[in-house]
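In: Everything below, folded, please.
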Amino acid sequence: MKTFVKPFSVLTPDELYEILRARGTVFLLEQHIHYLDMDGTDRQALHVFMRDGEAVVAYARIFPGDAEGEVHMGRVLTTRRGEGLGRKVVEAALEAAFGEMKARFVSLDSQSYVAEFYRHLGFHQVSDEFVLEGIPHVRMEMEKGESAS
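Out: Reported below is the predicted structural model:
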């Protein structure tokens, strides 16, 4: 299994297809979230993904946030559970955010039920719970140099 970090402009048609397929499988079919996934952000994002053969099995995208020095992470998913793929893809995204994108901090909007996963990776909650696409979320952040204890 290999991890890739690519801007939108160099994704191959097959990679983009498999990314969108994985996102559709997890968010639309498994979680029943009905929203327009292609939100325009993909073009400015770095796409971090792991492939097993042709299939994308873990994915995250990172892109400039609203604040100076902020990189936002989103669309984090795995298509296979219990293999540590979520941790690996988030760690690869953090490495790219702090390295390639020179982030001062990384933010994400975590579904509330998985916030503990991100806490174990070193993120801390910075908001009260809010509802996004009908699902409770919390905003979380990690500053450069922070990590899991």
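
In: Going along the chain, name the strands of this structure.
Out: 2-7, 46-52, 55-64, 70-78, 105-111, 124-125, 130-132, 135-143 (DSSP state E).

In: Which strands or helices does the lengthiest helix in the chain pack on?
Out: Criterion DSSP state H: the longest helix present in the chain is helix 85-98. Applying 3 or more CB pairs under 8 Å, 6 or more residues apart in numbering; DSSP states H and E, one finds that helix 85-98 contacts strand 2-7, strand 46-52, strand 55-64, strand 70-78, strand 105-111, helix 115-121. Glycine gets a C-beta too; all of them are placed from N, C-alpha and C.

In: of the ones you listed, which approaches residue 91 most closely?
Out: When the helices and strands packed on helix 85-98 are compared by CB to CB, helix 115-121 sits nearest residue 91, at 7.4 Å.

In: And the closest one, what's buried?
Out: By 16 or more other CB atoms under 10 Å, the buried positions in helix 115-121 come out as 115, 118, 121.

In: now it, how far from the centre of its chain.
Out: 13 Å (CA atoms, centre = their mean, to the nearest Å).

In: Pull the distance from stretch 19-27 to the chain's centre.
Out: Remark: stretch 19-27 is offset 12 Å from the chain centroid, using CA atoms, centre = their mean.

In: So for it, mean pLDDT?
Out: The average pLDDT within stretch 19-27 is 85.
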